[in-house]
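# Sequence and predicted structure, then a few things I'm wondering about:
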Amino acid sequence: LAEEKGVDIGANIDAAVTLRGSVDEIRVLFANLIDNAVRYTPPGGQVDMSLHRREGRSVVEILDTGPGLPPGSETRIFDRFYRAAPPGVEGSGLGLAIARRIAERNSLRLSVENRPDGRAGVLARVMLPE
């Protein structure tokens, strides 16, 4: 999908991590987050993923250059079937709900918010256990 849309995907890994949990579930968690980032990013945009240490914990961040979250949607984005998508973006509204449940079952903290740098887009952050 990224190739079809001309979305540039980058990765920066600054830390080595060992994670205990369900391999299949964690794969689905990250696949959903990356898929959302690519789907919401317009053609020619960017999706950057990073793994680094922050405040003594390993953190995975997925940053996109999509439209960002509409005002007021922040409290509902993890609800099943809720979609904050602009017209033309396909989906069922289940990806973030599934991601949140997987994160909880595997002792991970998941947050999704508008980019903190003032640019349009979303930052999905997964904090790994200490």
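Yes, it's here.

# for Asp14, what are its contacts?
Ser50, Leu51, His52, Arg53 (CB atoms under 8 Å, 6 or more residues apart in numbering). For glycine as for every other residue, the C-beta is placed from the backbone atoms N, C-alpha and C.

# same question, Asn114
Gly68, Leu69, Gly121, Val122, Leu123.

# which of those tops the neighbour count?
Ranked by the number of neighbours (other CB atoms under 10 Å), the contacts of Asn114 place Val122 first, at 24 neighbours.

# these two touch, right, Glu130 and Arg57?
Yes: counting by CB atoms under 8 Å, Glu130 touches Arg57, with 5.7 Å between them.

# Those two: which is more packed in?
Using other CB under 10 Å, the more surrounded residue of Glu130 and Arg57 is Arg57, with 13 against 8.

# Check the gap between the more buried one and Ile13 for me.
15 Å (CB to CB, to the nearest Å).

# Show the pLDDT at the residue located most distally from the centre of the chain.
Residue farthest from the centre of the chain, counting by CA atoms, centre = their mean, is Gly56 at 21.1 Å. With respect to pLDDT, Gly56 scores 84.

# which residue packs closest to it, ignoring adjacent ones?
Nearest residue to Gly56 in three dimensions, chain neighbours excluded: Glu130, at 6.7 Å (CB to CB, 6 or more residues apart in numbering).

# Ok, Gly66 next?
Of all residues not flanking Gly66 in the chain, Tyr40 sits nearest, at 3.5 Å (CB to CB, 6+ apart).
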